[in-house]
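Enquirer: Turn this into a structure:
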Amino acid sequence: MLYGAIEAGGTKFVCAVGNENLEIIERVSFPTETPEKTMRSVIDFFKKFETLSTIGVGSFGPIDVKRESETYGYITSTPKLAWENFDFVGHLKEQLNNISVAWTTDVNAACYGEYIAGCGKGLSSVVYYTIGTGVGGGALVDGQFVEGFSHPEMGHAMVRRHPDDTFIGNCPYHTDCLEGLAAGPAIEKRTGTKGQDLPPEDPSWDIEAYYIAQCAYNTTLLFSPQVIIFGGGVMKQEQLRKKVQEQFAKLINDYVKYPDLSTYIVTPQLEDNAGVIGCLALAKDLYLQA
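Expert: Residues are numbered from 1 along each chain as shown. So this is what the prediction gives:
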């Protein structure tokens, strides 16, 4: 039995096929261009696998996740205008013989991957943030995504500005929300240098840690999860996790007790495979529920 995975990011798509043990058999990636170009590559990849049963999709958003909605399965009001109001699930079904599709956000998929096979394995409550080109967040309680009228948009939560930060913010909607101050493009515009090129001792990392620590602080007081996982390209800076942990402890100021920081505020155990593994797991779940 084979399962498909599509991690549909704003910068690139990662497609994979895996087996019942969630082992990746084949994986490809290509740039996120127009729906016509990108989805043609997606369909061509999956058509090679005749025994594909279901596909799990984790997509950039915002997306419509309400099954009763007329636009369920659509990417909706995304800043990537070529993808606005694109019927993602409908297109897959049309092109792949009405295949069953599990549909969620890209960060929910990564959260689920870590819940199934990573830092969240064996836990009942997991929160995952990706900090990269943008900032997104997803939460799981007892295996169910935390959702209401839509999926959460945790990356656009408001944060308190660092006293030494004069950068106005980069979010086109809110200016100085978490994404506007802490995502990769914000680091580059604040410093004039891409994050991967900044030395570890650069003081701007303390500013970055302050914003991410506020994110962990707010998450702790809102959800009291058993683990908070920070993924994405920005978190590949090895010095950053410790800085975030230290700033978090200062912000909490012993108001509530929390797990040991070495296991509470962490980076993904599955590294760059968290989203793909999560999509495969969602596809497998969908098949087993049928």
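
Enquirer: going forward, measure contacts between C-alpha atoms and count neighbours the same way
Expert: Fine.

Enquirer: Just the buried residues of the lengthiest helix in the chain, please?
Expert: Counting residues, the longest helix found in the chain (DSSP state H) is helix 204-223. Using 16 or more other CA atoms under 10 Å as the test for burial, helix 204-223 gives 204-220.

Enquirer: what's the following helix or strand past it packed up against?
Expert: Counting by DSSP states H and E, the next helix or strand C-terminal to helix 204-223 is strand 227-231. Strand 227-231 makes packing contacts with strand 125-131, helix 261-264, strand 265-266 when contacts are defined by 3 or more CA pairs under 8 Å, 6 or more residues apart in numbering; DSSP states H and E.

Enquirer: List the pairing partners of strand 227-231 within its sheet, with orientation.
Expert: Strand 227-231 pairs in its sheet with strand 125-131 (parallel), strand 265-266 (parallel), by DSSP bridges.

Enquirer: okay if I get the helices and strands packed on strand 227-231 as a markdown table plus mean neighbour count and distance to residue 240?
Expert: Formatted as a markdown table, those follow (neighbours: other CA atoms under 10 Å; distance: least, CA to CA, whole Å):
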| stretch | mean neighbour count | distance to residue 240 |
| --- | --- | --- |
| strand 125-131 | 26 | 12 |
| helix 261-264 | 14 | 13 |
| strand 265-266 | 20 | 11 |
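
Enquirer: Mean pLDDT and distance to residue 89 for those - can I get that in a markdown table?
Expert: Below are those laid out as a markdown table (pLDDT from 0 to 100; distance: least, CA to CA, whole Å):
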| stretch | mean pLDDT | distance to residue 89 |
| --- | --- | --- |
| strand 125-131 | 98 | 23 |
| helix 261-264 | 98 | 35 |
| strand 265-266 | 98 | 32 |
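
Enquirer: Tell me which of those sits nearest to residue 282.
Expert: Nearest to residue 282 among these is strand 125-131 (16.1 Å), distances taken as CA to CA.

Enquirer: Surely residue 151 touches residue 65?
Expert: Yes - using CA atoms under 8 Å, residue 151 is in contact with residue 65, at 7.0 Å.

Enquirer: Can you verify my assumption that residue 159 contacts residue 216?
Expert: No - Residue 159 is beyond contact range of residue 216, at 11.0 Å (criterion: CA under 8 Å).

Enquirer: ok, residue 103 - contacts?
Expert: With contact taken as CA atoms under 8 Å, 6 or more residues apart in numbering, residue 103 is in contact with 56, 57, 58, 59, 65, 73, 89.

Enquirer: one more time with 10 Å
Expert: For residue 103, the contact set (CA atoms under 10 Å, 6 or more residues apart in numbering) comprises 6, 55-59, 63-67, 72-74, 88-89, 109, 279, 282-283.

Enquirer: So what pairs up with the closest residue to residue 235 other than its chain neighbours in the strands?
Expert: Counting by CA to CA, 6 or more residues apart in numbering, residue 131 is the residue found nearest to residue 235 once chain neighbours are left out, at 6.7 Å. When bridges are called by DSSP bridges, residue 131 pairs up with residue 135.

Enquirer: how close does residue 131 get to residue 58?
Expert: Using CA to CA, to the nearest Å, residue 131 is found at 16 Å from residue 58.

Enquirer: Determine which residue lies closest to the centroid of this protein.
Expert: Nearest residue to the geometric centre of the chain (CA atoms, centre = their mean): residue 107, 2.2 Å.

Enquirer: was I right about that one contacting residue 130?
Expert: Yes - applying CA atoms under 10 Å as the test, residue 107 and residue 130 come out as touching, 6.6 Å apart.

Enquirer: Arrange the strands paired with strand 227-231 in TSV, one row each, with distance to residue 198 as further columns.
Expert: What follows is those, written out as TSV (distance: least, CA to CA, whole Å):
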stretch	distance to residue 198
strand 125-131	16
strand 265-266	22
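
Enquirer: thinking again about what came up before, tell me which of the helices and strands packed on strand 227-231 sits nearest to residue 46.
Expert: Proximity to residue 46 (CA to CA) singles out strand 125-131 among the helices and strands packed on strand 227-231, at 26.6 Å.

Enquirer: returning to what we had before: now for residue 107 and residue 130: what residues contact both?
Expert: With CA under 10 Å, 6+ apart as the test, residue 107 and residue 130 both reach 136, 137, 138, 231, 232.

Enquirer: Among those residues, give me the pair with the biggest separation.
Expert: Taking CA to CA as the measure, those span a maximum distance of 13.2 Å, between 138 and 232.

Enquirer: between these two, which one's more packed in?
Expert: With neighbours defined as other CA atoms under 10 Å, residue 138 and residue 232 compare such that residue 138 has more, 26 against 21.
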